[in-house]
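Undergrad: give me a model of this one.
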Amino acid sequence: QTCAHPISTFKSDAPIITASAGRNGKITPSGSVAVTSGQNKTFTFSANPGYHIDTLTVDGVVVDGSSGSYTFTNVIDTHTINIVFAINTWDITATTGVGGSISPGGVVKVGAGLNAMFTVTPDPGYYIDFANFTVDGWGDDLIPSGANGVYYFYNVQTNHTIDAQFLPYQYEINTSAGSNGSVSPNGATSFTYGQNETITITPNTGYHVLNVTVDGSSVGAVTQYVFNNITTGHVLVATFAIDTFTLTSSSSGSGSVSPSGNTFKDYGTSQSYSFTPSANYHVANVLVDGINIGNPSSYTFSSISANHTILINFSIDTYTVTFDANGGDTTTSLSFNYGSNALETPTTVTRTGYSFGGWATKQNDSSTLVTSLTVTESKTLYAIWNINSYTVIFNANGGSGGITATRQYLSDAIAVAPTVTRTGYTFRSEEHTS
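TA: Now for the predicted structure:
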């Protein structure tokens, strides 16, 4: 390069040009170079391998030094020339996929011949996908395995790329169910790190969840369990038990039910009950779950699927005693409990012209009169009647021959009338006087 300079008033016969170079290169000639006044002087400079010309400064002014030389023309004054060299740099572009980072990242400047280290760090729950780890577009297995990976570029002499990919850890949840139920999903299922998963536990009809264990610890008889933020493998085991129901039997009155009290029965089974009344008692009614089903002598719960109650009411036997008026007024029939006295409160009957003589077990047989009757069966009692007798006075009414006679109800009193006389009179007839 040629540069023009103004002419000084005072001229040196041998002006000095001071030439200097920084490290990693040279300038020729160098040092204090005497130049014949008015002559031209050329300086050449070159960088060492791996370096390049960075800055050329002439008389304190930065000028273009890319040509590798500089010429002072018509030198009549002193000058300075200084050349500075810089190391060559290469770009290493570092990138990653989802699930981790690389440090340093982005476009990294690396001096020629130097080494560069990159650290690959997966996020929690991820690991380095070595199958897809590439350097300059090619797979490279030089990165060590482990949580963090380190890769070195040695003696860098060109541009490079490095790309790290990651995969989430997969964790296996093993679920299993005992007999009479199921879990969903069932068996071994893989889940990614941080994922949530709900396990549904379903007992068969007539069964219930007995217990659920997760990694060996009970979480209770739950029908659903959620694994939140999965970060490790797990084992879930569900067990089931048959439903059990309570059947409660009871009774009132004199009698028994068998079995009595609480009976516990498994789902789908049956249970029979028998009812035994005490002597002279009977089943009045049976209430099943509060509903009257009549008066059977037994009852069976079939295909049990719920709790039940059964209540048996016993009542004393009753019998009908008929009070036959036997010619008197109304005949009545009354009900009496077994063992009671039917004649404790006698039934009143009447008959015109007769007196009540009591109750007999046989019709018109006073020898079977009873004053009490312990009821053990249905029976008919008959009224015993004593016909009434009346006094009939035959008054001679001033005559003679009158008598007093006794006659039964409705008998002919005239049939026993006496003959009466009275001097000076003729008997005409009797007059009836009540």
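
Undergrad: can you tell me, leaving aside adjacent residues, what's nearest to Gly290?
TA: Leaving aside its sequence neighbours, Gly290 sits nearest to Thr309 (CB to CB, 6 or more residues apart in numbering; 7.2 Å). (C-beta placed from N, C-alpha, C; glycine too.)

Undergrad: do Glu172 as well
TA: Closest to Glu172 by CB to CB, 6+ apart is Gly233, at 4.9 Å.

Undergrad: and Asn204, by the same measure?
TA: Asn180 (4.7 Å).

Undergrad: thinking the one you found is in contact with Phe240, fair?
TA: Yes: the criterion here is CB atoms under 8 Å, and Asn180 meets it with Phe240 at 4.5 Å.

Undergrad: run a quick neighbour tally on the residue nearest to Asn204.
TA: 16 (other CB atoms under 10 Å).

Undergrad: show me what contacts it?
TA: Going by CB atoms under 8 Å, 6 or more residues apart in numbering, Asn180 touches 203-204, 207, 240-242.

Undergrad: can you give the contact residues for stretch 201-217?
TA: With CB under 8 Å, 6+ apart as the test, stretch 201-217 has contacts from 177-178, 180-184, 218-225, 234-243, 267-268, 305.

Undergrad: pull out the buried members of those residues.
TA: 177-178, 180-183, 221, 225, 234, 236-241, 243, 267 (16 or more other CB atoms under 10 Å).

Undergrad: inside helices: which ones of the residues you listed?
TA: Judged by DSSP state H, helices contain none of the buried ones among the contacts of stretch 201-217.

Undergrad: quickly note the distance from the residue nearest to Asn204 to Ser366.
TA: Using CB to CB, to the nearest Å, Asn180 is found at 80 Å from Ser366.

Undergrad: with Val120 instead?
TA: 129 Å.

Undergrad: of these two, who's got more company?
TA: Shown here are Val120 and Ser366; by other CB under 10 Å, Val120 has more neighbours (25 against 13).

Undergrad: could you check the pLDDT of that one?
TA: For Val120, the pLDDT comes out at 94.

Undergrad: OK, contacts around it?
TA: 96, 100-102, 128, 133, 143, 148-151, 164.

Undergrad: how about Phe43?
TA: By CB under 8 Å, 6+ apart, the residues touching Phe43 are 17, 19, 27-29, 33, 69-72, 81.

Undergrad: now do 10 Å
TA: 1, 17, 19, 21, 27-30, 33, 56, 58, 65, 68-72, 79, 81, 83 (CB atoms under 10 Å, 6 or more residues apart in numbering).

Undergrad: and the buried ones among these, selectable in ChimeraX?
TA: Buried subset of those, written as a ChimeraX selection, criterion 16+ other CB under 10 Å:
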select :1,17,19,21,27,33,56,58,65,70,72,79,81,83
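
Undergrad: give me the number of residues near Gly399?
TA: Neighbour tally, Gly399, other CB under 10 Å: 15.

Undergrad: that one and Phe427 touch, don't they?
TA: Yes: counting by CB atoms under 10 Å, Phe427 is a contact partner of Gly399 at 7.5 Å.

Undergrad: spit out the residues that contact those two alike.
TA: Applying CB under 10 Å, 6+ apart, one finds that Gly399 and Phe427 are jointly contacted by 419-421.

Undergrad: any idea what Ile201 is bridged to?
TA: Val183 (DSSP bridges).

Undergrad: and it, what's its pLDDT?
TA: On the pLDDT scale, Ile201 gets 98.

Undergrad: from the structure, what's the count of residues near it?
TA: Ile201 sits with 21 neighbouring residues when counted by other CB under 10 Å.

Undergrad: and for Thr423?
TA: Thr423: 7 neighbours (other CB under 10 Å).

Undergrad: list the neighbouring strands of the helix or strand that Tyr127 is a member of plus their orientation.
TA: If you go by DSSP states H and E, Tyr127 is part of strand 126-128. Looking at strand 126-128 with DSSP bridges, its partner strands are strand 166-168 (antiparallel).

Undergrad: in the strand it pairs with, what's buried?
TA: 166-168.

Undergrad: what about the residue lying closest to Gly328 once chain neighbours are set aside, neighbour count?
TA: Once flanking residues are discounted, Gly328 sits nearest to Arg351: 3.7 Å by CB to CB, 6+ apart. Residue neighbour count, defined by other CB under 10 Å, stands at 18 for Arg351.

Undergrad: from Ala413, how far out is Arg351?
TA: 21 Å.

Undergrad: could you look up the SS state of Gly327?
TA: coil (DSSP: H, G, I helix; E, B strand; the rest coil).

Undergrad: end to end on stretch 283-303, go ahead and measure it.
TA: 25 Å (CA to CA, to the nearest Å).

Undergrad: ignore what I typed, I meant stretch 115-133.
TA: Using CA to CA, the end-to-end distance of stretch 115-133 comes to 20 Å.

Undergrad: which parts of that stretch are buried?
TA: Applying 16+ other CB under 10 Å to stretch 115-133 flags 116, 118, 120-122, 125-130, 133 as buried.

Undergrad: circling back to that earlier point, could you dump the buried residues of strand 166-168 into JSON lines with pLDDT and distance to Ser274 added?
TA: Shown next, in JSON lines, are the buried residues of strand 166-168 (pLDDT from 0 to 100; distance: CB to CB, whole Å):
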{"residue": "Phe166", "pLDDT": "94", "distance to Ser274": "75"}
{"residue": "Leu167", "pLDDT": "94", "distance to Ser274": "72"}
{"residue": "Pro168", "pLDDT": "93", "distance to Ser274": "68"}
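
Undergrad: His52: which of those residues is nearest?
TA: Phe166 (38.3 Å; CB to CB).

Undergrad: how about that closest one, what does it touch?
TA: 96-101, 120-123, 125-129, 132-133 are the contacts of Phe166 under CB under 10 Å, 6+ apart.

Undergrad: go again using 7 Å as the cut-off
TA: Residues in contact with Phe166, defined by CB atoms under 7 Å, 6 or more residues apart in numbering, are 97-100, 122, 126-129.

Undergrad: distance check, the closest residue to it other than its chain neighbours against Gly105.
TA: Leaving aside its sequence neighbours, Phe166 sits nearest to Gly99 (CB to CB, 6+ apart; 3.2 Å). Applying CB to CB, the value for Gly99 to Gly105 is 14 Å.

Undergrad: for the two, indicate the residue with more neighbours.
TA: Neighbour comparison, Gly99 and Gly105: the larger count goes to Gly99, with 20 against 14 (by other CB under 10 Å).
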